[in-house]
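**Student:** below is the sequence, then the predicted model.
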Amino acid sequence: LSTWNSVPQGPPDAILGVSEAFKKNTSPKKMNLGVGAYRDDAGKPYVLTSVKKAERIMIDNNMDKEYAGITGVPSFTKAAAALAYGDDSPAIKENRLAIAQSISGTGALRMGAEFINAWFPHAKNVIVPNPTWGNHIPIMKNAGLALEKYTYFDKQTNGLNIDGMLEDLHKAPKNTVVLLHACAHNPTGVDPTKEQWDQISKVIKEREHFSFFDMAYQGFASGDCTRDAYALRKFVDEGHQVVLAQSFAKNMGLYGERVGSFSIVCADEQEKARVDSQLKIIIRPMYSNPPIHGAHIVSTVLNSPELKKEWLGEVKTMADRIITMRHQLRNHLENDFNSKKSWNHITDQIGMFCFSGMTPEQVTSIKNDWHVYLTQDGRISMAGISSANVKYLAEAIHNVTK
Ligand SMILES: Cc1ncc(COP(=O)(O)O)c(CN[C@](O)(C(=O)O)[C@@H](O)C(=O)O)c1O
């Protein structure tokens, strides 16, 4: 009998499995609206010009392939911290921000969950938005945390149920870890307003909850990195000792390079040193130290004023293209196909995704009848839409939802 005879067939990943099914489809009209990966208006993955220039500089510098330290490439983590928390962040100025390079955002989330499981001085409970990015759940659970959901999305308005969210945050036991999407909520595309973030911060402070920010789309939501970091920086300003999972997969198009960071706001320099030592003890037996290529790209871009300026322009261009697709899709639905349903949420929502409101049955029929692939929850990855296929998509959505 084979050693692995009892290994069962597991289900395909809810998001990455959509791309696998899409690849098998032979229709010339097929559309992949599943994975959150940017495509340009020609439907092609986009390698940023600022990234290509950085790689040329790196080659000219004849860099070696030495190990990075356990917490990664220092010039990367320093620049990544400044991008997230701001150049004038007191936590950075007072040298009390512990930060480690991670295997992109997923690795940062897992590292954070492992650190919380090891050192959080209260019950290891985490609450996540309902709905949230599917991978959040196994990441937190596999690290040993107890996971519950808090009200977030309002099906009636396709917007934020702020009252339900605040009530759940208030009801949660004191010192609960609250996972918060810093911007461009996945899968709903619904973000709290600045005023709502202030209400959320107040309840979290009252209940002495702990904020775990996930910022996978900084710059990608509004096109402005500072604006997209509003919630994170406001919480830190208000004295929350947050932790942050940061990703450069989307905003710098480094998907497969796996570049991210995990950071912890500490009370002072000594605490930061102790926390840093424990991060190293978690990382070393996990993957020892991170890949250096992507980190050097980010470091080269962010530490060169002209490359950073070029990059910020490219992030805005990507964000703007998605916003344009939102308006065109809504316009076709309302004016070409005279859909009687309301589609304002397509343009009200922000970031990479549109939570369309399509039911699982409608998702199945738009796949079978129209070769349009999206996740079963009705989430549309807007970057899969282009000026060449937006009208076709509107026709498909209209026909499966009328
Ligand atoms: C909220 C959130 N947090 C973290 C990540 C991790 O991303 P990475 O490890 O590549 O830095 C994603 C990516 N989620 C997807 O865009 C998506 O939801 O399609 C996709 O990349 C994925 O892996 O599922 C995300 O949406």
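**Tutor:** Everything's here; your move.
**Student:** tell me the centre residue of this structure?
**Tutor:** Centroid check for the chain by CA atoms, centre = their mean gives residue 216 as the closest residue, at 2.9 Å.
**Student:** and stretch 265-278, how far out from the chain's middle?
**Tutor:** 26 Å (CA atoms, centre = their mean, to the nearest Å).
**Student:** who touches that stretch?
**Tutor:** With CB atoms under 8 Å, 6 or more residues apart in numbering as the test, stretch 265-278 has contacts from 71, 91, 94-98, 100, 115, 118-119, 236, 240-243, 264. In short, each C-beta sits where N, CA and C put it, glycine included.
**Student:** what do you get if the cut-off is 10 Å, keeping everything else the same?
**Tutor:** 70-71, 85, 89-92, 94-100, 115, 118-119, 211, 232, 235-236, 239-244, 263-264 (CB atoms under 10 Å, 6 or more residues apart in numbering).
**Student:** among those, which lie within strands?
**Tutor:** 97-100, 211, 243-244, 263-264 (DSSP state E).
**Student:** okay, those in a markdown table with pLDDT, distance to residue 364 and neighbour count next?
**Tutor:** As requested, the ones in strands among the contacts of stretch 265-278 are exported to a markdown table (pLDDT from 0 to 100; distance: CB to CB, whole Å; neighbours: other CB atoms under 10 Å):
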| residue | pLDDT | distance to residue 364 | neighbour count |
| --- | --- | --- | --- |
| 97 | 98 | 46 | 25 |
| 98 | 98 | 46 | 25 |
| 99 | 98 | 43 | 29 |
| 100 | 98 | 42 | 27 |
| 211 | 98 | 37 | 23 |
| 243 | 98 | 39 | 25 |
| 244 | 99 | 37 | 28 |
| 263 | 98 | 41 | 27 |
| 264 | 98 | 43 | 24 |
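**Student:** will you turn those residues into a markdown table that also has distance to residue 76?
**Tutor:** Compiled in a markdown table, the ones in strands among the contacts of stretch 265-278 are given as follows (distance: CB to CB, whole Å):
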| residue | distance to residue 76 |
| --- | --- |
| 97 | 14 |
| 98 | 15 |
| 99 | 10 |
| 100 | 11 |
| 211 | 24 |
| 243 | 18 |
| 244 | 15 |
| 263 | 12 |
| 264 | 17 |
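**Student:** the residue nearest to the centre of the chain against residue 352, yeah?
**Tutor:** Yes: here residue 216 reaches residue 352: they are 8.9 Å apart, a contact under CB atoms under 10 Å.
**Student:** for the ligand, what are the nearby residues on the stretch 101-250 of the chain?
**Tutor:** By CB under 6 Å from any ligand atom, the residues of the stretch 101-250 of the chain that approach the ligand are 104-106, 133, 135, 181, 186, 214, 216, 247, 249.
**Student:** quick one, what contacts the closest residue to residue 348 other than its chain neighbours?
**Tutor:** In space, residue 348 comes closest to residue 159 once its chain neighbours are excluded; the distance is 6.9 Å by CB to CB, 6 or more residues apart in numbering. Neighbouring residues of residue 159 by CB under 10 Å, 6+ apart: 153, 188-190, 344-345, 348-349, 355.
**Student:** now intersect the residues you listed with the helices, please.
**Tutor:** In helices, judged by DSSP state H, the following of the contacts of residue 159 are found: 344-345, 348.
**Student:** would you mind listing which of the residues you listed are buried?
**Tutor:** residue 345 (16 or more other CB atoms under 10 Å).
**Student:** now narrow the ones in helices among the contacts of residue 159 to whatever sits close to the ligand.
**Tutor:** Okay, of those, nothing touches the ligand (CB under 6 Å from any ligand atom).
**Student:** tell me which of the ones in helices among the contacts of residue 159 is nearest to residue 384?
**Tutor:** residue 345 (18.0 Å; CB to CB).
**Student:** so that closest one makes contact with residue 354?
**Tutor:** Yes: using CB under 10 Å, residue 345 is in contact with residue 354, at 7.5 Å.
**Student:** which residues are common contacts for these two?
**Tutor:** In contact with both residue 345 and residue 354: 158, 188-189, 326, 330, using CB under 10 Å, 6+ apart.
**Student:** any chance of CSV for those residues, columns pLDDT and neighbour count?
**Tutor:** As requested, the shared contacts of residue 345 and residue 354 are arranged in CSV below (pLDDT from 0 to 100; neighbours: other CB atoms under 10 Å):
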residue, pLDDT, neighbour count
158, 88, 21
188, 97, 27
189, 97, 27
326, 98, 23
330, 97, 20
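**Student:** coming back round to it: tell me which of the residues of the stretch 101-250 of the chain next to the ligand fall in strands.
**Tutor:** Per DSSP E, those map to strands at 181, 214, 247.
**Student:** hmm, which of the residues you listed are the buried ones?
**Tutor:** 181, 214, 247.
**Student:** could you dump those to JSON lines with pLDDT and distance to residue 371?
**Tutor:** Formatted as JSON lines, these follow (pLDDT from 0 to 100; distance: CB to CB, whole Å):
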{"residue": "181", "pLDDT": "98", "distance to residue 371": "31"}
{"residue": "214", "pLDDT": "98", "distance to residue 371": "32"}
{"residue": "247", "pLDDT": "98", "distance to residue 371": "30"}
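**Student:** count of residues packed around residue 179?
**Tutor:** Residues lying near residue 179 (other CB atoms under 10 Å) number 25.
**Student:** in a strand, it, correct?
**Tutor:** Yes: if the criterion is DSSP: H, G, I helix; E, B strand; the rest coil, then residue 179 is within a strand.
**Student:** surely it and residue 135 touch.
**Tutor:** No: the pair residue 179 / residue 135 is not scored as a contact, 11.8 Å apart, by CB under 10 Å.
**Student:** who touches both of the two?
**Tutor:** residue 109.
**Student:** pLDDT wise, what is residue 353 at?
**Tutor:** The model reports residue 353 with a pLDDT of 97.
**Student:** from the ligand, how far off is it?
**Tutor:** 7 Å (CB to the nearest ligand atom, to the nearest Å).
**Student:** alright, I will stop here.
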